[in-house]
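> I would like to see how this sequence folds:
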Amino acid sequence: QVQLVESGGGLVQAGGSLRLSCTVSGLTFSTYTMAWFRQAPGKEREFVAAISRSGSSNYTDSVKGRFIISRDNSKKMVYLQMNSLKPEDTAVYYCAAGLSGVIDGVSRDKYPYAGQGTQVTVSS
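Numbering: from 1, shown residues only. I've put the predicted structure just below:
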């Protein structure tokens, strides 16, 4: 059974940092592209970042230069380091696993597996 479990969310002031983690089990982690999506209240779930099995990455424009996605294949974990957080980053953050490349892997339907999410709240 495939499981993705996110952690590390919380409440932070604008300008602060958080590091999200996602632990994966039940699939051959090293062969999957991993991604982070987020969903704010009343909005569609949107792509944030993705990292390929070889370490190539892709980011949505609004987080470039502030967020860093990374992975540890030996631990079957993916991370999202979020710096210079803004109130508009407030959302539930989900990690996801799929087999697409990082450039075309920006839509939800490319990722058949996803976690339950972790809440990130940025206060102004």
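> Q13 contacts D89, doesn't it?
No. Between Q13 and D89 no contact is recorded; they are 11.8 Å apart, counting by C-beta atoms under 8 Å. Every C-beta, even on glycine, is put in place using the N, C-alpha and C of the backbone.
> those two: who's more crowded?
More crowded of Q13 and D89, by other C-beta atoms under 10 Å: D89, with 22 against 10.
> gap between the more buried one and G105?
The span separating D89 from G105 equals 21 Å under the rule C-beta to C-beta, to the nearest Å.
> low-confidence bits of the protein, can you list those?
Scanning the chain for pLDDT under 70 picks out no residues.
> about what we covered before: who touches both of Q13 and D89?
Common contacts of Q13 and D89, defined by C-beta atoms under 8 Å, 6 or more residues apart in numbering, comprise V122.
> list the contacts of L99.
Under the criterion of C-beta under 8 Å, 6+ apart, the contact list for L99 reads T31, Y32, T33.
> nearest spatial neighbour of Q81, chain-adjacent residues omitted?
Counting by C-beta to C-beta, 6 or more residues apart in numbering, the nearest residue to Q81 once its immediate chain neighbours are dropped is I68, at 4.4 Å.
> what's the burial count for P87?
Using other C-beta under 10 Å, P87 has 11 neighbouring residues.
> that one and R19, how far apart?
For P87, the distance to R19 equals 19 Å [C-beta to C-beta].
> try A114
A114 sits 19 Å away from R19 when distances are taken as C-beta to C-beta.
> equivalent analysis for T31, please.
T31 is 25 Å from R19, where distance means C-beta to C-beta.
> and if you look at M77?
Using C-beta to C-beta, M77 is found at 11 Å from R19.
> settle it for me: which of the two has more neighbours?
Using other C-beta under 10 Å, the more surrounded residue of M77 and R19 is M77, with 18 against 13.
> surely the more buried one and V24 touch.
Yes. With the criterion set as C-beta under 8 Å, M77 and V24 qualify as a contacting pair; they are 6.9 Å apart.
> neighbours around D61, how many?
When neighbours are counted by other C-beta under 10 Å, D61 comes out with 6.
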